[in-house]
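Asks: Could you work out the structure for the sequence below:
(one chain, ligands or ions: 1)
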Amino acid sequence: MAARNLTTQGLAAADPPAPGRAPEIQEETQARPLALYVHWPFCASKCPYCDFNSHVADSIDQDAWRRAYLAELDASAAVLAGRRLTSIFFGGGTPSLMDPDTAAAVIGRAREIWPDNAGAALEITLEANPNSAEAARFEAFHAAGINRLSLGIQALDDSALTFLGRTHSAAEALKALGRAKAHFPRVNADMIYARPGQTVAAWRDELARLLDEGLGHMSLYQLTIERGTPFFAAHRHGDFALPMEDDQARLYQATGDALAQAGLTAYEVSSYARPGEECRHNLTYWRYGDFLGLGPGAHGRLTLPGAALATENLRAPADWLEAVGRCGRGLKAETPLTVADRIHEMVVMGLRLGEGIDADDFRAVTGGGFADHLNTVAMARMVQAGYLSADDGRIKATLEGRLRLDAMIAALLG
Ligand code: SF4
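Replies: I've put the predicted structure just below:
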């Protein structure tokens, strides 16, 4: 569907319900919970595997960025007041390079806009890198209101860290982790595995050292080669090779086994947590809840009276900053979502979750059951093959299914 540009006033005016629009959208939307994502687009250096919207800048006008986030939050909040704010997530980029006062200002303004949610229940995450300069700022970020830190460790092997273009050592990463645990009640560690030449035994060893830290949450991603990155060109030129598919599957299996033995469940394809430690913000994405995105390139999904919208902000930091200064929003496009769009997105996100997709939730969003909207022949075949379970009013990908999720989703939606 073609995107259209709207102002916040346009949202407030709300389009009339369109044919094929899901019934739930026409119901009261004010009670829907809301997550807030804030994108900080700067990093100290660019990692060669990274295709995120992250940039290295000579200088950053921290005051201008603080004003811009607050302006976009105020403008967006006009149609979202009365919602229940459940989480704030400062992502990037490297948001630990943000002035802690900026984080405090955004958190404070969000609590003013959504006052019913003030209190300990609000999960507020900041992504950080483990170099020592940033770790020294943890205390200030905690004072700003951050209560969950997500630390990009990526590897506990110095040669792997060099390969990944990281600017910290394994020892610095563990030191930063210790400091993070001292300041934040909840800490996540991000790691990248299935690296060139990595054996299951070596990965088990790295995992064991990380598990010794007693974290409640880990995000463990397989290395992927993204178009447009330095790794893409290097991989194409044969400078390195990723593990073969079977080896990747063995590494994934070993990951799940090691984490399960330590009491962390794979509640999502790449996310492992002790009970109650799941990332509530990311669960909003995977459960297809509403979220507001602030900052360059940030996306949003908002259910408003009469419309479900996908929002996308201008990607270039300078363009976003200029647009917010001019009109209060850095919006690139707002696109109404059809029922077909929402089915697609809900299946893509929901099958990543261990809990899968609840039939009642699916009906609320799509107006129909699984059999009405998904390929029932493909579904039956997947159940028989052991890739999908369909009981207790849910569909879920099994462990075997998780290894072939893209193909399953294509078949279910075909
Ligand atoms: S620090 Fe993170 S966001 Fe920045 S370039 Fe590296 S991977 Fe990308």
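
Asks: quick one: contacts for the residue lying closest to Val106 once chain neighbours are set aside?
Replies: The shortest distance from Val106 to any non-neighbouring residue, by Cβ to Cβ, 6 or more residues apart in numbering, is to Tyr69 (5.3 Å). Backbone N, C-alpha and C define where each C-beta goes, glycine included. Contact analysis of Tyr69 by Cβ atoms under 8 Å, 6 or more residues apart in numbering lists 38, 102, 105-106, 294-295.

Asks: Could you list which of these belong to helices?
Replies: Per DSSP state H, helices hold the following members of the contacts of Tyr69: 102, 105-106.

Asks: and which of those residues is nearest to Ile146?
Replies: Ile146 has its nearest neighbour among the ones in helices among the contacts of Tyr69 in Val106, at 10.8 Å by Cβ to Cβ.

Asks: For my notes, confirm Asp319 occurs in a strand.
Replies: No - assigned with DSSP: H, G, I helix; E, B strand; the rest coil, Asp319 falls outside any strand and is helix.

Asks: What score does it have for pLDDT?
Replies: Note for Asp319: predicted pLDDT of 98.

Asks: check contacts around it.
Replies: So Asp319 contacts 296, 330 (Cβ under 8 Å, 6+ apart).

Asks: And it, how far from Asn53?
Replies: From Asp319 across to Asn53, the span is 12 Å (Cβ to Cβ, to the nearest Å).

Asks: any residues in contact with both of those two?
Replies: In contact with both Asp319 and Asn53: Pro296, using Cβ under 8 Å, 6+ apart.

Asks: What helix or strand is the residue nearest to Val106 located in?
Replies: Under the criterion of DSSP states H and E, Tyr69 resides in helix 62-77.

Asks: moving C-terminal of that helix, what's the next helix or strand?
Replies: Counting by DSSP H and E, what follows helix 62-77 is strand 84-92.

Asks: what comes up buried for that next one?
Replies: Buried residues in strand 84-92, counted by 16 or more other Cβ atoms under 10 Å: 85-92.

Asks: can you tell if it touches the ligand?
Replies: Yes - using Cβ under 6 Å from any ligand atom, we find that strand 84-92 touches the ligand at Gly92.

Asks: quick one: strands adjacent to that strand?
Replies: strand 33-40 (parallel), strand 123-128 (parallel) (DSSP bridges).

Asks: contacts for the longest one?
Replies: Contacts to strand 33-40, defined as Cβ under 8 Å, 6+ apart, come from residues 53, 65, 69, 73, 80, 83-95, 97-98, 106, 110, 114, 280-281, 284-285, 289-300, 313.

Asks: Rebuild the strands paired with strand 84-92 as JSON lines, extending it with distance to the ligand.
Replies: Below are these laid out as JSON lines (distance: least, Cβ to the nearest ligand atom, whole Å):
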{"stretch": "strand 33-40", "distance to the ligand": "9"}
{"stretch": "strand 123-128", "distance to the ligand": "8"}
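
Asks: what's the spacing between the residue nearest the centre of the chain and Thr229?
Replies: By Cα atoms, centre = their mean, the chain has its centre lying nearest to Asn282, at 5.2 Å. As judged by Cβ to Cβ, Asn282 and Thr229 stand 23 Å apart.

Asks: same deal with Pro100?
Replies: Distance from Pro100 to Thr229, by Cβ to Cβ: 30 Å.

Asks: circling back: TSV please, covering the contacts of Tyr69 and showing pLDDT.
Replies: Shown next, in TSV, are these (pLDDT from 0 to 100):
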residue	pLDDT
Val38	98
Thr102	97
Ala105	98
Val106	98
Leu294	98
Gly295	98
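
Asks: picking that back up, out of the ones in helices among the contacts of Tyr69, flag the one nearest to Arg166.
Replies: Thr102 (24.8 Å).

Asks: That closest one and Arg66 touch, don't they?
Replies: Yes - using Cβ atoms under 8 Å, Thr102 is in contact with Arg66, at 4.2 Å.

Asks: before we move on, the earlier item: contacting residues around the closest residue to the residue nearest to the centre of the chain other than its chain neighbours?
Replies: Excluding the flanking residues, the one nearest Asn282 by Cβ to Cβ, 6+ apart is Ser271, at 6.8 Å. Contact analysis of Ser271 by Cβ under 8 Å, 6+ apart lists 217-220, 278-279, 282.
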